[in-house]
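Chemist: need a 3D model of the sequence below.
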Amino acid sequence: MIYVSRNRRDTHGHRIKPDKQWFKEARRLTKRARCEAGAHAVTGHYRDPQVRMALKELFHGKCAYCEQRLPENFEIDHYRPKNRVAERPDHDGYYWLAYQWKNLYPACTYCNQKRKDPPQWDARDDQQTGEPQGKYEQFPVDDESKRAMRPSDPIADELPYLLDPCDDEPSLYLQYNPLGEIESIDGDVFGEETIRICHLRRTYLTNARAYKTAKCVRLIARLRELEQRGWPEERDFVQKLLDEELAVDAEFAGLALAIYEDPERFGVAG
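Modeler: Residues are numbered from 1 along each chain as shown. Prediction:
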């Protein structure tokens, strides 16, 4: 997970968001949702092609939570669930936020839905079992007495455990080890809960991060070797390869940056 600004602009200087017509219809539907309250049936307006196009561009073509490349049929997640809240059976969901641009995120199925790890040929037996995991309707908060139950309740009083990639700086809560495994920093509850909610320790994802880790470590080690030998042309070539791994639109850019900033922690000789 990396921080993404909602105010980001494209290469032409245009804000990355749906067009005015989409927002106009979103306001109309939000007004209706507020009137109908828990009986409101959320429409597919939040899945409009305008939204899908803008979210994919805004998040560099990656899942907002795990940073894997988005599939063609990626899901649109409501950060605050639209219909139900797992932790509160008496909650009707944040229906009044169902069409709010700031509540919508692009997500892969394994972060957004409850799924078991896909079978892996060389995985340990304990990695092939377990209950389905994923965000789905989960949205735990620090203090249930401050949870917004209706549109009139102040959302700002909530303290969600799930990190918001457009509001929080994930690198302050999450880190990686040399095996590509994601960890919370000093057992931080927000980092740990984000990992749990979005199933960020799933086997396939961890293996993919391990591959990225090994690749970045090799590139940095080679870069240092070439600097010592004084071979500028070869060094520039390796630096270009490393820059591609560090690019914000590359998978697991947050991991690559962590390795680049502290390569010794990942086993690169000083």
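Chemist: drop to CA atoms for contacts and neighbour counts, all remaining ones
Modeler: Fine.
Chemist: can you pull the contacts of the residue nearest in space to the middle of the chain?
Modeler: Closest to where the C-alpha atoms of the chain average out (C-alpha atoms, centre = their mean) is Y65, at 1.5 Å. By C-alpha atoms under 8 Å, 6 or more residues apart in numbering, the contact set of Y65 is M1, A107, C111, P165, C198.
Chemist: how about a cut-off of 7 Å?
Modeler: M1, A107, C111 (C-alpha atoms under 7 Å, 6 or more residues apart in numbering).
Chemist: next one: P160
Modeler: Counted by C-alpha under 7 Å, 6+ apart, P160 has contacts F139, P140, V141, D142.
Chemist: G61 versus the third one, what's the distance?
Modeler: Note on V141: its distance to G61, by C-alpha to C-alpha, to the nearest Å, is 29 Å.
Chemist: which of these two has more neighbours?
Modeler: G61 (22 against 16; other C-alpha atoms under 10 Å).
Chemist: hmm, R69 and that one touching each other?
Modeler: Yes - with contacts defined as C-alpha atoms under 7 Å, G61 counts as touching R69 at a distance of 6.0 Å.
Chemist: just to revisit the earlier point, out of the contacts of Y65, list just those in strands.
Modeler: Those of these mapping onto strands are A107, per DSSP state E.
Chemist: compare the contacts of Y65 and tell me which is most surrounded.
Modeler: A107 leads those on contacts (other C-alpha under 10 Å) with 29 neighbours.
Chemist: and the nearest residue to that one once chain neighbours are set aside, how close does it get to F74?
Modeler: Spatially, and ignoring its direct neighbours in sequence, A107 is nearest to C63 (4.5 Å; C-alpha to C-alpha, 6 or more residues apart in numbering). For C63, the distance to F74 equals 8 Å [C-alpha to C-alpha].
Chemist: neighbour-wise, which of these two wins?
Modeler: C63 (26 against 18).
Chemist: quick check: the more buried one touching Y105?
Modeler: No - using C-alpha under 7 Å as the test, C63 is too far from Y105 to be in contact (8.1 Å).
Chemist: so where's the protein uncertain?
Modeler: 122-130 (pLDDT under 70).
Chemist: what segments of it are helices?
Modeler: Shown for the chain, the helices assigned by DSSP state H span residues 20-36, 49-58, 109-112, 189-197, 203-229, 232-246, 253-261.
Chemist: and these as CSV, adding distance to D157?
Modeler: Formatted as CSV, the helices of the chain follow (distance: least, C-alpha to C-alpha, whole Å):
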stretch, distance to D157
helix 20-36, 20
helix 49-58, 27
helix 109-112, 25
helix 189-197, 16
helix 203-229, 33
helix 232-246, 36
helix 253-261, 29
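Chemist: count of neighbours near the closest residue to F266 other than its chain neighbours?
Modeler: Spatially, and ignoring its direct neighbours in sequence, F266 is nearest to P178 (4.8 Å; C-alpha to C-alpha, 6+ apart). If you count neighbours by other C-alpha under 10 Å, P178 ends up with 17.
Chemist: pretty sure P178 sits against P263.
Modeler: No - in this structure P178 lies outside contact range of P263 using C-alpha under 7 Å: 9.7 Å.
Chemist: and W101, how many neighbours?
Modeler: Residues near W101, counting by other C-alpha under 10 Å: 18.
Chemist: now swap in D168 and tell me
Modeler: For D168, using other C-alpha under 10 Å, the count is 15.
Chemist: so how far is L246 from it?
Modeler: Distance from D168 to L246, by C-alpha to C-alpha: 20 Å.
Chemist: just I197 next, same as before
Modeler: 26 Å.
Chemist: now F237
Modeler: 15 Å.
Chemist: show me what contacts D10?
Modeler: Contacts of D10 by C-alpha under 7 Å, 6+ apart are I16.
Chemist: what of K116?
Modeler: E131, P132, Q133.
Chemist: select from those the one having the most neighbours.
Modeler: The contacts of K116, ranked by neighbours (other C-alpha under 10 Å): first place Q133, 20 neighbours.
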